[in-house]
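S.K.: predicted model, plus sequence, below.
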Amino acid sequence: MKSKKQSQNFEIEFTPEEEDEFVDKASYPSWTTLISVAIITARKHPDEITYIDVAKIETASLVENALITLAEQGDLDALRIEIRLNTLH
């Protein structure tokens, strides 16, 4: 997992290999950690957008569903997190 600042926005980026590791069912707690870090980053920087970059549509869907659930439960910081799909083709 890499976190880097990119022109006033925050970005969390994965290589396809790292993403495969996180999508593995045994690694779901790692996704919880990733989303928690994104939420904390969004709270610390309320005027900026936090990005989570993923390489697979399935992963984007998983993360999006988690963020929607958090927003529905009242965590409005989840609304300032965007998922970017960066496919290899």
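M.R.: Cool, the structure landed.
S.K.: just say helix, strand or coil for Ala78.
M.R.: helix (DSSP: H, G, I helix; E, B strand; the rest coil).
S.K.: surely it touches Glu64?
M.R.: No - the pair Ala78 / Glu64 is not scored as a contact, 10.1 Å apart, by CB atoms under 8 Å. Backbone N, C-alpha and C define where each C-beta goes, glycine included.
S.K.: between those two, which one's more packed in?
M.R.: Ranked by neighbour count (other CB atoms under 10 Å), Ala78 and Glu64 place Ala78 first, with 20 against 15.
S.K.: residues in contact with that one?
M.R.: Ile39, Ala42, Leu67, Ile68, Leu70, Ala71 (CB atoms under 8 Å, 6 or more residues apart in numbering).
S.K.: give me the pLDDT for Pro16.
M.R.: At Pro16, the model reports a pLDDT of 66.
S.K.: from Thr87, how far out is the closest residue to Leu67 other than its chain neighbours?
M.R.: Closest residue in space to Leu67, ignoring its immediate chain neighbours: Ala78 at 4.5 Å, by CB to CB, 6 or more residues apart in numbering. According to CB to CB, to the nearest Å, Ala78 and Thr87 sit 24 Å apart.
S.K.: what is the mean pLDDT for whichever helix or strand Ala38 is part of?
M.R.: Using DSSP states H and E, Ala38 maps to helix 28-44. Summarised as a single mean, pLDDT over helix 28-44 is 83.
S.K.: buried stuff in that helix?
M.R.: Leu34, Ile35, Val37, Ala38, Ile39, Thr41, Ala42 (16 or more other CB atoms under 10 Å).
S.K.: next one: stretch 73-83
M.R.: Buried, per 16+ other CB under 10 Å, within stretch 73-83: Asp77, Ala78, Arg80, Ile81, Ile83.
S.K.: which of the helices and strands in the protein ranks last by mean pLDDT?
M.R.: Within the chain, confidence by mean pLDDT, DSSP states H and E is lowest for strand 2-6 among all helices and strands, at a mean of 42.
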